[in-house]
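Asker: okay, sequence plus prediction incoming.
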Number of protein chains: 2
Amino acid sequence: MKIKVIKIGGKLIEDDAVLQPLCDSLAKLDYPFVLVHGGGVMGSHLAEKLGVEVKMHEGRRITDAATLDIAVMAYAGLANKRVVAALQARGVNACGLSGCDMAVVKSRRRPVKDIDWGFVGDVDKADGKVLAMLLDAGVTPVVSPITMSEQGELLNTNADSVASAVAMGLAEKYDVELVFTLDKAGVLLDVNDESSLIETITPALYSQLRADEKIYSGMIPKIDNAYKTIESGVDSVRITSPNNLSGGTLVVK
Amino acid sequence: MKIKVIKIGGKLIEDDAVLQPLCDSLAKLDYPFVLVHGGGVMGSHLAEKLGVEVKMHEGRRITDAATLDIAVMAYAGLANKRVVAALQARGVNACGLSGCDMAVVKSRRRPVKDIDWGFVGDVDKADGKVLAMLLDAGVTPVVSPITMSEQGELLNTNADSVASAVAMGLAEKYDVELVFTLDKAGVLLDVNDESSLIETITPALYSQLRADEKIYSGMIPKIDNAYKTIESGVDSVRITSPNNLSGGTLVVK
């Protein structure tokens, strides 16, 4: 059976004028899917309203106890339930999950080296069996980036990493396509020209594009990460706009 | 199979010094259980921090859009995931659910008569089959009082009513005891004397106590409600302190 694991950014959830048409598209998909969402923007807005300072180090957020509570409220609470309700309103039997729920996504607290990142988790693995139980019951899991350590600590985690772990966890049982959405049509030869879309990336083409420096540098970690999930059993990775979930760029082995 | 449905107040979750020992007790129960939690205090505290005015009418809260968002963040987010993580840390395979998740608790928006209560739901019913799927897989559902209308609207709901609906939904398949916790040892003949606990209430004793005006008036709706759930198939209702989940007062038919 084919399954899609679709990652969407938090920005898409905050604005109802964007979320509602996205859920229309999701409700029309003819494959079962798992949705993984971020929530960064909603967390920042809530922190600002609460007067909690966002602490950064080299462009990355430090999650202290107050910031973790905000992340749990914004991502596991508001963002997650908004998406679930919008899907339910369209007849999709969605179930919101954070990593702690049935221990579906486990992570490790990032070790303190030069800097203590606080309650930040690096994803360990997702439990494909739990997700399969839901999928086989006709349920659409909607996963937030709040995960849990072995010790039962809630941790704030990168949603792209959660999506990759979910896809890898499901690859044992299903044919999985992992879909990353972004605010471009896909991987572009010229970042300012949507018509320069590359429809399919193979390892050979990717090597060539990198050698010729024809690929936008911001894309390199995304494609490297795509190949890591493919090596772990995921069939293919799609990088596309949320408006075109079956289009964009397909990364294949 | 015997199942307990245990309702706890939001106050118990906010203070970690109270939540942690409560989760110790829950982890030791020798029956499978469903936990239903409130969250009123956490919502009020968040509203205060955000400078959102709590609007009341005759002592009951009006839920406008901003207040609903706060309730979703505080109850479905922070309260729910704190409890789930605390149970997971003790080896209980908890799964947090709000009413929207797999449409497990459906409600109706309260009709506008003299007053518009806003996004407040009156519970319609809980889906016993969904909860049974989880219980039979060894999962402990942890249910927040955020429910969903048929139209997919999120609604703020009374947690006692959610607990009653969950118990009634499970009564088709299991022998269910519904447990309400409160800050007393149970139903007391003298509200100021914990030793005046009534261990068992039967319909005959209840009639007598009411006729003699020997029962604390605040208890009457709770016991009336207990008998409603018993008429709908629940075996018994326990009214007790969270420190003594197998004690207190047992209401039976």
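Answerer: Here it is on my side, so go on.
Asker: confidence score at A:Tyr216?
Answerer: Listed pLDDT for A:Tyr216 reads 77.
Asker: how much space between it and A:Gly38?
Answerer: Taking C-beta to C-beta, to the nearest Å as the measure, A:Tyr216 and A:Gly38 are separated by 21 Å. Just so you know, the C-beta spots here come from the backbone N, C-alpha and C atoms, and that holds for glycine as well.
Asker: and the closest residue to A:Thr181 other than its chain neighbours, what does it touch?
Answerer: Spatial nearest neighbour of A:Thr181, excluding adjacent residues (C-beta to C-beta, 6 or more residues apart in numbering or on different chains): A:Pro242 at 4.2 Å. Going by C-beta atoms under 8 Å, 6 or more residues apart in numbering or on different chains, A:Pro242 touches A:Ile8, A:Leu12, A:Leu22, A:Ser25, A:Thr181.
Asker: now with 7 Å, please.
Answerer: A:Pro242 makes contacts with A:Ile8, A:Leu12, A:Leu22, A:Thr181, as judged by C-beta atoms under 7 Å, 6 or more residues apart in numbering or on different chains.
Asker: quick revisit: who has more neighbours, A:Tyr216 and A:Gly38?
Answerer: A:Gly38 (24 against 16; other C-beta atoms under 10 Å in any protein chain shown).
Asker: what pairs with the helix or strand bottoming out on mean pLDDT in chain A, parallel or antiparallel?
Answerer: Least confident helix or strand, chain A: strand A:60-62 with a mean of 83, by mean pLDDT, DSSP states H and E. Strand pairing for strand A:60-62, using DSSP bridges, gives strand A:55-57 (antiparallel).
Asker: quick one: contacts of the strand it pairs with?
Answerer: With contact meaning C-beta under 7 Å, 6+ apart, strand A:55-57 is reached by A:Ile62, A:Asp64, A:Ile115.
Asker: now do that strand, average pLDDT.
Answerer: Averaging pLDDT along strand A:55-57 gives 85.
Asker: pull stretch A:23-30 out as CSV, backbone CA atoms only.
Answerer: Output in CSV follows, covering the C-alpha atoms of stretch A:23-30 (Å, rounded to 0.1, in the frame of the first residue of the first chain):
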residue,chain,number,x,y,z
CYS,A,23,-7.1,21.1,3.8
ASP,A,24,-9.3,21.0,0.7
SER,A,25,-6.4,19.6,-1.3
LEU,A,26,-5.4,17.2,1.5
ALA,A,27,-9.0,15.9,1.7
LYS,A,28,-8.9,15.1,-2.1
LEU,A,29,-5.7,13.0,-2.0
ASP,A,30,-6.3,9.5,-3.2
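Asker: mean confidence score for it?
Answerer: 96.
Asker: helix/strand/coil for A:Asp190?
Answerer: coil (DSSP: H, G, I helix; E, B strand; the rest coil).
Asker: who's in contact with the closest residue to it other than its chain neighbours?
Answerer: Leaving aside its sequence neighbours, A:Asp190 sits nearest to A:Ser196 (C-beta to C-beta, 6+ apart; 4.3 Å). Applying C-beta under 7 Å, 6+ apart to A:Ser196 gives the contacts A:Leu188, A:Leu189, A:Asp190.
Asker: now do the first one against chain B, distance only.
Answerer: The one in question is A:Leu188. 36 Å (C-beta to the nearest C-beta, to the nearest Å).
Asker: repeat for the last one
Answerer: With the distance defined as C-beta to the nearest C-beta, A:Asp190 ends up 41 Å from chain B.
Asker: against A:Ser161, how distant is that residue?
Answerer: According to C-beta to C-beta, A:Asp190 and A:Ser161 sit 29 Å apart.
Asker: those two: who's more crowded?
Answerer: Remark: of A:Asp190 and A:Ser161, A:Ser161 carries more neighbours, 19 against 11, as counted by other C-beta under 10 Å.
Asker: quick one: mean pLDDT for whichever strand or helix holds the more buried one?
Answerer: In this structure, A:Ser161 sits in helix A:159-170 according to DSSP states H and E. The predicted model gives helix A:159-170 an average pLDDT of 98.
Asker: repeat for stretch A:63-76
Answerer: For stretch A:63-76, the per-residue pLDDT averages 96.
Asker: got the buried residues for it?
Answerer: A:Thr63, A:Asp64, A:Thr67, A:Leu68, A:Asp69, A:Ile70, A:Ala71, A:Val72, A:Met73, A:Ala74, A:Tyr75, A:Ala76 (16 or more other C-beta atoms under 10 Å in any protein chain shown).
Asker: got it, and stretch A:212-228?
Answerer: A:Ile215, A:Tyr216, A:Met219, A:Lys222, A:Ile223, A:Asn225, A:Ala226, A:Tyr227.
Asker: any idea which of those residues is closest to A:Ala103?
Answerer: Taking C-beta to C-beta as the measure, A:Ala103 sits nearest to A:Asn225 out of these, at 23.8 Å.
Asker: residue contacts, that closest one?
Answerer: A:Asn225 touches A:Ser164, counting by C-beta under 7 Å, 6+ apart.
Asker: beyond the one helix or strand it maps to, next helix or strand please.
Answerer: Using DSSP H and E, A:Asn225 falls within helix A:220-231. Toward the C-terminus, helix A:220-231 is succeeded by strand A:236-240 as the next helix or strand (DSSP H and E).
Asker: neighbouring strands for that next one, and are they parallel or not?
Answerer: Here, using DSSP bridges, strand A:236-240 pairs with strand A:175-181 (parallel), strand A:249-251 (antiparallel).
Asker: check which helices and strands whichever helix or strand comes after the first one is in contact with.
Answerer: Where DSSP H and E defines the elements, the next helix or strand beyond strand A:175-181 is strand A:200-201. In this structure, strand A:200-201 packs against strand A:249-251, with contacts taken as 3 or more C-beta pairs under 7 Å, 6 or more residues apart in numbering or on different chains; DSSP states H and E.
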